[in-house]
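Undergrad: 3D, please:
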Amino acid sequence: MQVIDLTEQQLRKKAMALPLQPGVYIMKNKDKKIIYIGKAKKLKNRVSSYFGSHSNHSVKVIKMVENVDDFDYILVDTEFEALVLECSLIKQHMPKYNILLKDDNGYNYIKITKEEFPRISECKRIDDDGAYYIGPYISNFSVKQAVDETLKIFKLPRCGKRFPRDYGKSRPCLNGFIGLCSAPCAGRITQKEYVNNVNDAVAFLKGGSRAAVKEMTAKMNEYSESLQFEEAAKLRDRIKAVKNLEEKQKVVSINVPEEDVFALVNGKKKACFEVIRFENGKLTDSEFWIIDSVDDLKAARFELIERYYSMRSRIPSRIAVDGEIEDEELLLRFLESKRGKKTEFIHPQKGEHLSIVNLCVSNANEHLAQSEGRLGREFAALEELGNLLGLPKPPEYIESYDISHTFGADNVAGMVVFHNGRPMKSAYKKFAVKGFEGQNDVGSMNEVLTRRFNHYYNDEEGSTFKILPDLILLDGGQPQVNAVLPVVNKTGINVPVYGMVKDNKHRTRAIAFGGGEIEINSNRAAFTLVSNIQEEVHRFAISYHHTKHKKSAFSSGLLKINGIGEKKAKALLKHFKTISAIKECGIEELKKCPLISEGDAENIFAFYHNL
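TA: As a prediction, the model looks like this:
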């Protein structure tokens, strides 16, 4: 069926006519190209939800709906059949608005060149160049790791020098100095010895560490018995290197035959989906994808894990995940049907499995941070803080406020900004409280936030006030939060507001919200970030207050002079900068200051010279 230029109202009418049974729906644009494929337990409810009110839709969904010109559907008997069909159709059509994982790994090989001084490297294809290839392997991670370890153990070069052209013609590089390379560039090894090392390396790659150690141990004993101690010592060092490598691998291991570990770290614009794979208790593969930010973590985990195993043949007996999965039982059934055996999801809360999940999350944080030009630890702190406060995404742009005064005099506020976990000093702002005199931190905070959001609506483009924060942190507890919430709500802007609570030693203790407090001491990354923010906003506000209070004190001295009011006192300080400079001026020089008449100049001169 072909329908041209359907309006959204017509699309909704068509959707409302769908049956309440499982199926797959296929969204198409005006060119009849498939742009989204989804499954539904009840087609009518799911498809009709796209058309009409967009209040609960994400930006991505709204954009997709704007491009929908028509849709088709396929009815099935069960939700499981809908999932299997959806998976097959997505692999076939790769729609634009589905979460897609680009599988560009292909096959991987280990290449040993055919030349006088052979070189070992990883590659993606077999060329007709006479070289010897080991493979294919599915895991690019494993191939790179194996080649890197082999070059270290057998002290083979990884530089760009070519031999015999460059043999013995230069000093060794750093790898040669620290013993990671046999340094043929300096002539430290003969061509025969070099080839023997390459042959041993190839045997190691093909046979594994156990077979290599067994063979090298036998050779070492033969050399010792024939009194060739130098050759025996070389093999002893090589065996030690292999065993050290195995010990390092044990650091990242689990006590199960096979397990995949997934983590999804969500940012404001992008997200990172990471998987670490274990076989025989050892880490054998690691992959990650940078995708668009997701709106529903549970649904995204379902979709991403389903997509991942649609691209991979091996499904393990156990899958560890860093959070909840939507329709977990349905996904589990899908994976078990594909595997042909039982599998299980686990959500570790303690022990070695939790540490491996945390490792996966840490790697995802690092990859996402690198993609956005940040440090992994900073992103981890933002994610931890976002999760602690129940925010939909990590707060990339944080504003913090503090009030400072001296017994109610010279009331000021400081506003600091942390962008991506770092101070953004170009966006710092100072506020002199104008609405009242006296000590009233709550009233001051109310005034300052009112003025801040007035700037948002009234300033011209380019002002940092035009950037809305993802989070506001106030120095203080529930009273400050309660004072500011009506101000924020009145603006119609949805910005979460929390307070930073100190203990009796002025150290960060908790985060306050309208209904209580959240302890943060056990959340180390978030605790450190909030503490840094609280210290920085306090420093900035205090610094501004001291400057204003000092000027106020200076001004109050000038006010004792006959004919000098507040405006003239400020004009004098602005023109001459300091009281000392004013004292040193003669009458003619004082007259040059704006607002200062000849009579004022004479009074000032007389005041400071006791005339």
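Undergrad: For the helix or strand where residue 306 lies, which residues meet the burial criterion?
TA: For residue 306, the host element (DSSP states H and E) is helix 297-311. Residues of helix 297-311 classed as buried by neighbour count (16 or more other CB atoms under 10 Å): 297, 300-309. Bear in mind the C-beta positions are built from the backbone N, C-alpha and C, glycine included.
Undergrad: Pull the most distant pair out of these.
TA: For those, the farthest-apart pair by CB to CB is 297 and 309; their separation is 18.7 Å.
Undergrad: picking that back up, touching the helix holding residue 306 from outside, list them.
TA: 83, 87, 90-91, 98-101, 103, 262, 264, 266, 271, 273, 275, 291, 294, 315, 319, 321, 323-328, 331, 334-335, 338 (CB atoms under 8 Å, 6 or more residues apart in numbering).
Undergrad: Restricted to strands, list these.
TA: Per DSSP state E, strands hold the following members of those: 262, 264, 266, 271, 273, 275, 291, 319, 321.
Undergrad: Name the nearest of the residues you listed relative to residue 361.
TA: Looking across the ones in strands among the contacts of helix 297-311 and measuring by CB to CB, the closest to residue 361 is residue 264, at 8.8 Å.
Undergrad: Now do the closest one: how many residues are near it, please.
TA: Per other CB atoms under 10 Å, the neighbour tally for residue 264 reads 22.
Undergrad: wait, isn't residue 507 in contact with residue 535?
TA: No. The pair residue 507 / residue 535 is not scored as a contact, 9.4 Å apart, by CB atoms under 8 Å.
Undergrad: The two: who's more crowded?
TA: The residue with more neighbours, out of residue 507 and residue 535, is residue 535; 16 against 11, by other CB under 10 Å.
Undergrad: Which parts of the helix or strand that one falls within count as buried, going by neighbours?
TA: Per DSSP H and E, residue 535 falls inside helix 524-558. Residues of helix 524-558 classed as buried by neighbour count (16+ other CB under 10 Å): 525-538, 540-541, 544-545, 548-549, 554-555, 558.
Undergrad: Report the buried residues of stretch 215-229.
TA: Buried-residue list, stretch 215-229, by 16+ other CB under 10 Å: 216, 219-220, 223.
Undergrad: Quick check: mean pLDDT of that stretch?
TA: Stretch 215-229 shows a mean pLDDT of 79.
Undergrad: Next: stretch 133-147.
TA: Average pLDDT, stretch 133-147: 73.
Undergrad: How about stretch 239-256?
TA: For stretch 239-256, the mean pLDDT works out to 56.
Undergrad: again with stretch 468-484
TA: 86.
Undergrad: what comes up buried for it?
TA: 469-477, 480-484.
Undergrad: Which members of the residues you listed occur in helices, if any?
TA: Among the buried residues of stretch 468-484, the residues falling in helices (DSSP state H) are 480-484.
Undergrad: out of those residues, which one sits closest to residue 512?
TA: Using CB to CB, residue 481 is the member of those that lies nearest residue 512, at 5.6 Å.
Undergrad: By mean pLDDT, point me to the weakest helix or strand of the chain.
TA: helix 229-251 (a mean of 64; mean pLDDT, DSSP states H and E).
Undergrad: Now do the helix or strand where residue 456 lies: distance to the chain's middle.
TA: Residue 456 belongs to helix 441-458 when assigned by DSSP H and E. Centroid separation for helix 441-458 versus its chain: 31 Å, with CA atoms, centre = their mean, to the nearest Å.
Undergrad: Thank you, goodbye.
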